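Novice: What follows is a protein structure lacking sequence information:
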């Protein structure tokens, strides 16, 4: 029988953590101060050290299951050198992701309808978020001419705060989402892609095309080392300035997170419930 060093599943990891916690509780000494009764001459209180809350096995399992930094150690009051260098590198990944831009021909290469927001350039987009929530007039006219009117679900791809994430994981996620939604019986519009797009641009597109629902895929605001992560935001009954309480989000779609196929499956199930309930967000609680 061959063995591998793959990380434990979520179920196995939870079981290991529960077992480790229970072992720690079973071995724990009372917290009250204990005196040595057999030696009256000893007046000093003796306290036995408590065991760590998690055994090494559980900690090692956690470290294998996540890219998060767990039990890194220290040198005096500082990080270890390897940890410090790793933090700087991951911070650089986040900065690069925020400043990345979609190639001019990216949308057309995927067969998507290429649009732009009201932001004229990337710096303006970062400084003025509202410009990323509305289409430019030229793009709105093109959308009316070439987009699909009245679809059940209109898929939108946008760069968000990580164009890099969209270029790396967007095509696979859009393809998976199209297949999952069509299999669930939804009529889809032609996929559109917007440069310099914030989440709210799905409202403008949904209203322009009179779509029943929109699903926008955008690059997430990157954390340390997570510049390739995408989110899917769904909005039923689009209207300009639609409140976030009416929307739903599936996040962390990337190689080290949720796979494209799994995210698409969850989105299809989410939208089936949304259509049954006549809305998403708080209506699904």
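Specialist: It's in. As the structure is a computational prediction, the values presented were derived from the model and not from experiment.
Novice: what's the closest non-adjacent residue to residue 238?
Specialist: residue 206 (2.6 Å; Cβ to Cβ, 6 or more residues apart in numbering). Any C-beta I mention is one placed from the backbone N, CA and C, and that applies to glycine too.
Novice: Secondary structure element holding that neighbour?
Specialist: Residue 206 belongs to helix 201-209 when elements are defined using DSSP states H and E.
Novice: What distance do you get for the residue lying closest to residue 281 once chain neighbours are set aside to residue 213?
Specialist: Using Cβ to Cβ, 6+ apart and skipping the chain neighbours, the partner closest in space to residue 281 is residue 246 (4.2 Å). As judged by Cβ to Cβ, to the nearest Å, residue 246 and residue 213 stand 11 Å apart.
Novice: So for those two, which sits in the more crowded spot?
Specialist: Between residue 246 and residue 213, counted using other Cβ atoms under 10 Å, residue 213 has the larger neighbour count: 23 against 18.
Novice: Please name the residues that touch the more buried one.
Specialist: The contact partners of residue 213, taken as Cβ atoms under 8 Å, 6 or more residues apart in numbering, are 152-154, 206, 234-238, 271, 274-275.
Novice: Check residue 167 too.
Specialist: The neighbourhood of residue 167, defined by Cβ under 8 Å, 6+ apart, consists of 100, 102-103, 106.
Novice: same thing but 7 Å
Specialist: Each residue near residue 167 by Cβ atoms under 7 Å, 6 or more residues apart in numbering is listed here: 102, 106.
Novice: Of the contacts of residue 213, which is the most crowded?
Specialist: Going through the contacts of residue 213 with other Cβ under 10 Å as the criterion, the one with the most neighbours is residue 154, at 29 neighbours.
Novice: Go ahead and confirm the residue nearest to residue 238 touches residue 216.
Specialist: No. With contact defined as Cβ atoms under 7 Å, residue 206 does not count as touching residue 216 (9.3 Å).
Novice: shaky segments in the stretch 51-200 of the chain?
Specialist: Regions of the stretch 51-200 of the chain meeting the criterion pLDDT under 70 cover residues 51-55.
Novice: So which residues of it form strands?
Specialist: Along the stretch 51-200 of the chain, counting by DSSP state E, counting those that start in this stretch, strands occupy 113-116, 153-158, 192-195.
Novice: helices or strands up against the second one?
Specialist: For strand 153-158, the contact count by 3 or more Cβ pairs under 7 Å, 6 or more residues apart in numbering; DSSP states H and E identifies helix 163-183, strand 192-195, helix 201-209, strand 213-219 as packing neighbours.
Novice: Reformat the ones you listed into CSV and put distance to residue 85 next to each item.
Specialist: Formatted as CSV, those follow (distance: least, Cβ to Cβ, whole Å):
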stretch, distance to residue 85
helix 163-183, 22
strand 192-195, 34
helix 201-209, 38
strand 213-219, 26
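Novice: Looking at the ones you listed, spot the one closest to residue 119.
Specialist: In terms of Cβ to Cβ, the element of these nearest to residue 119 is strand 192-195, at 8.2 Å.
Novice: May I have the strands that pair with the closest one, each with its orientation?
Specialist: Applying DSSP bridges to the sheet, strand 192-195 is found paired with strand 113-116 (parallel), strand 153-158 (parallel).
Novice: Show me how far the last one is from its chain's centre.
Specialist: Relative to the centre of its chain, strand 153-158 is centred 17 Å away, using Cα atoms, centre = their mean, to the nearest Å.
Novice: Other residues contacting stretch 134-151?
Specialist: Residues lying outside stretch 134-151 but in contact with it, judged by Cβ under 7 Å, 6+ apart, are 113, 115-118, 187-190, 192, 201, 204-205, 208-211.
Novice: which of these are buried?
Specialist: Neighbour counting over the contacts of stretch 134-151 (16 or more other Cβ atoms under 10 Å) leaves 113, 115-118, 188-189, 192, 201, 204-205, 208-209, 211 as the buried ones.
Novice: of all the residues you listed, which comes closest to residue 261?
Specialist: Nearest to residue 261 out of the buried ones among the contacts of stretch 134-151 is residue 188 (Cβ to Cβ; 17.3 Å).
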